[in-house]
Each structure stands twice: as structure tokens, then as C-alpha cells.
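S.K.: sequence and predicted model, in that order:
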Amino acid sequence: MDWPEDLRNVLETTVVDTGGIGVSLFDLLAALLVLVVAFTLSRVIRAIMRRYADRAGNEGSRATLYTLRRIVQYAVLGLGVLVALDLVGVPLSTFSLFAGAVGVGLGFGLQSVFANFIAGLLLLFDKSLKVGDFVELESGVHGEVRDVRVRATTITTNDNIDILVPNSEFVSGRVTNWTHRDASRRMRIPFGVAYGTEKSKVRAAALEAAAEVPFTKSFEGPHAAQVWLAEFGDSALHFELVIWLTDEATKRPGAARAAYNWALHSALQRHGIEIPFPQVDVNVRSLFGLQGNEALEALALDDVDLPGPDRAEPPTAPNDAAADTIDPDPPPPAGDLRQE
């Protein structure tokens with residue numbers, strides 16, 4: 001292709017000349033074009049693989065495709081950077097020096113960024129955490145993993161709040177993955193009934209409540225709902241409704257617990273089972289200056305004659321003669337009028 005002389009001279013103009021490497025305007029534009037193509041190609045591949053993953057009904061296949069999509073994206077971008085460096089004429093020796101300078105920079109100010117990037121790669125290759133899992137961190141953050149990026153992982157809570165957690169926190173800290181091996185999870189709902197209540201009646205009411213909640217996984221086999229007598233309390237028998245949750249309810253523990261509490265309260269009311277409250281026995285040793293049985297007898301009386309100065313004397317109204325001589329609004333005393 002024949003370029004005009006003026007355009008050729010402009011394109012061949014050296015814009016960067018350092019370390020014996022001269023980079024012309026044409027080389028620089030070609031490198032930028034390669035980077036743009038690599039970036040666009042990576043986004044197109046991501047979009048195609050994401051659309052294919054959305055059609056896959058299996059959660060495991062979707063997580064695998066997500067990992068593959070991220071790896072392909074990083075590979076295409078890395079290849080584009082290498083080709084761009086080759087176009088501008090950067091030799092491997094100079095590139096190694098550049099890599100050493102980058103390493104020094106990582107040691108000073110980019111260490112956390114590089115650590116999060118490596119941790120993100122470990123999360124993509126490791127099967128302990130994948131997109132769609134419901135996790136809980138040591139900090140108390142819990143939610144569903146939505147995306148694993150270069151620096152941070154996006155966790156969406158049940159309140160639809162996106163929380164960005166650094167990738168290194170998943171590698172160095174303790175992570176509770178509620179859906180790692182199996183999406184089903186067991187939940188215990190404690191409740192108490194009054195002493196003297198028939199245990200079989202309590203069990204029937206609790207299982208009836210579990211049947212009303214759609215989050216209950218099964219009533220037969222190893223995942224069957226159960227009712228346990230957990231403890232003999234001070235004022236109540238403490239039971240636990242033990243149920244296995246469905247896959248959907250596992251990611252909504254707060255809503256599931258509230259639904260079972262609601263159903264339990266309604267079932268206990270229908271069966272006439274009393275829900276006790278704490279009671280305190282008071283032993284009276286002295287009252288109004290009286291001791292022992294005399295204090296108890298005084299406490300049982302409706303009208304107690306209080307001895308001593310604690311007795312309240314009713315006010316006496318002045319007679320008519322005295323009322324006539326009393327000035328209803330006497331003048332202030334003469335002298336010092338300061339209030340005390």
C-alpha cells in the first residue's frame with residue numbers, strides 16, 4: 001500500500017527514544033490497536049460464555065463456565081499486552097528490567113493489589129468457593145457470591161446490598177460456605193412450653209407447624225423433621241423443632257426462622273399449649289416493721305394499719321371560723337425576699 005509521502009513521514013516520526021529503543025508513531029498506534037482488539041475480543045468472549053452459562057440449568061456447570069470465562073479473559077488480555085510490547089520493539093531483556101521495576105513497585109505500594117489478584121486466581125481454580133455459593137465470613141458478612149473480580153469478590157446479601165470483599169480475605173481468613181458440598185442445611189427452632197404439658201401433644205403441634213412452612217425439605221428419611229426435648233428449664237420445658245431446609249431456604253435463614261416461629265406460635269395456640277414466662281418467688285421476711293407470719297398476714301390484708309411514722313395521716317380541713325380568719329392570699333413578709 002502506497003502511503004502519501006507526508007503521512008509516511010508523520011507515521012515514521014520517532015515519538016519515544018529511550019534506552020536505545022525508538023518507537024515511531026506507527027508502532028505506537030499499532031500497539032494501541034492491538035490492545036483495543038484484545039480488550040474487545042475478551043468482552044465478546046465473556047458475553048458469549050455468559051449467555052451459554054445462563055442457559056445451563058446446572059449450578060455446577062454455571063460455576064465452571066464462570067471460571068473458564070475469567071481465565072480466557074485474562075489470557076486474551078495478557079496476549080494482547082505481549083503483542084503490543086513486541087510491536088513497539090521492547091526486547092525481552094528490557095521487559096525483564098521492566099518486570100523488575102514493577103516488582104519493586106509491588107513491594108512498596110501495590111502489594112495488596114497483587115495479593116488480591118493472586119487470591120482471585122486461586123479462588124477461580126479452587127473449588128472451595130464458586131459463584132452462587134452462600135458464604136459467611138469471620139467479620140459477620142454473609143450473602144451469595146455474585147462475582148469474582150481482579151481485586152474483590154462481590155457478595156449480595158438478602159437485603160440486596162452488594163458488599164465488595166477483598167479476595168485475600170477469602171484465602172487468609174475463615175469462610176463458612178453453607179452450600180459448598182450440599183445446598184440443604186439443618187436448622188433448630190427453640191421454643192418452650194409449661195411443665196405438665198403432654199410431650200406427644202407438643203410433638204404433634206410442632207410437626208404440624210413444620211408442615212405448614214414450605215421451607216421444610218422432607219418428613220421421611222434422614223432429612224425428616226424432628227422434635228427434641230432439649231432441656232429442663234427453670235420455668236419451662238425447652239424443645240427444639242429440627243428441620244432440614246430446602247435449597248432456596250438455605251440462602252434465606254432469617255426468613256426461614258421467622259416463618260417457623262410464626263407457624264409454631266399458631267400451632268401451639270390451636271392445641272391449647274401454654275407458652276410460659278419466667279416467674280419469681282418472693283420470700284417476705286419483714287414488712288412494715290413486722291416479722292415472719294405477722295408480715296405475711298399484713299401483706300394479705302386489704303387495709304394495713306401502718307405503725308410508726310410511715311403511717312399517712314389524712315389532712316384535717318380547717319373549721320368555718322378558722323377559715324374566715326385565714327387570709328387566702330397573705331402579703332409577702334417584709335425584709336429579705338430572696339428565695340431559698
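M.R.: Sure, I can see it. Numbers count the residues shown, from 1 in each chain.
S.K.: which ones are touching residue 245?
M.R.: 184, 185, 186, 187, 215, 216, 217, 256 (CB atoms under 8 Å, 6 or more residues apart in numbering). The way it works is simple: take the backbone N, C-alpha and C, and place the C-beta from them, glycine included.
S.K.: same thing but at 10 Å, please
M.R.: Contacts were defined as CB atoms under 10 Å, 6 or more residues apart in numbering; by that measure residue 245 touches 178, 183-187, 213, 215-217, 223, 251-253, 256-257, 260.
S.K.: again, but for residue 119
M.R.: For residue 119, the contact set (CB under 10 Å, 6+ apart) comprises 126, 148, 151, 152, 153, 166, 167, 168, 169, 170, 171, 172.
S.K.: so where's the stretch 101-250 of the chain uncertain?
M.R.: By pLDDT under 70, the weakly predicted segments of the stretch 101-250 of the chain are 101-110.
S.K.: can you show me the strands along it?
M.R.: 134-137, 142-148, 152-156, 162-166, 175-177, 185-193, 226-232, 237-245 (DSSP state E, counting those that start in this stretch).
S.K.: how about the helices in the protein?
M.R.: 5-11, 25-55, 59-87, 92-108, 111-125, 167-172, 199-212, 247-250, 253-270, 292-300, 320-325 (DSSP state H).
S.K.: for the longest one, name the packing helices and strands.
M.R.: Identification of packing neighbours for helix 25-55 by 3 or more CB pairs under 10 Å, 6 or more residues apart in numbering; DSSP states H and E yields helix 5-11, strand 14-18, helix 59-87.
S.K.: and the shortest one, by the same measure?
M.R.: Applying 3+ CB pairs under 10 Å, 6+ apart, we find helix 247-250 packed against strand 185-193, helix 253-270.
S.K.: for the shortest one, buried residues please.
M.R.: In this case it means strand 185-193. Judged by neighbour count using 16 or more other CB atoms under 10 Å, the buried positions of strand 185-193 are 185, 187, 189, 191, 192, 193.
S.K.: quick check: the two most widely separated of those residues?
M.R.: The distance between the two most remote of the buried residues of strand 185-193 (CB to CB) is 26.0 Å, for 185 and 193.
S.K.: quick one, what contacts the nearest residue in space to residue 207 that is not next to it in sequence?
M.R.: Once flanking residues are discounted, residue 207 sits nearest to residue 225: 6.0 Å by CB to CB, 6 or more residues apart in numbering. Shown in contact with residue 225 (CB under 10 Å, 6+ apart): 206-207, 209-211, 213, 216-219, 241-244.
S.K.: let me have those in a markdown table, extended by distance to residue 140 and neighbour count.
M.R.: As requested, these are exported to a markdown table (distance: CB to CB, whole Å; neighbours: other CB atoms under 10 Å):
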| residue | distance to residue 140 | neighbour count |
| --- | --- | --- |
| 206 | 30 | 29 |
| 207 | 33 | 19 |
| 209 | 29 | 27 |
| 210 | 28 | 23 |
| 211 | 33 | 13 |
| 213 | 26 | 20 |
| 216 | 27 | 25 |
| 217 | 27 | 18 |
| 218 | 31 | 13 |
| 219 | 33 | 14 |
| 241 | 26 | 27 |
| 242 | 25 | 17 |
| 243 | 24 | 29 |
| 244 | 25 | 21 |
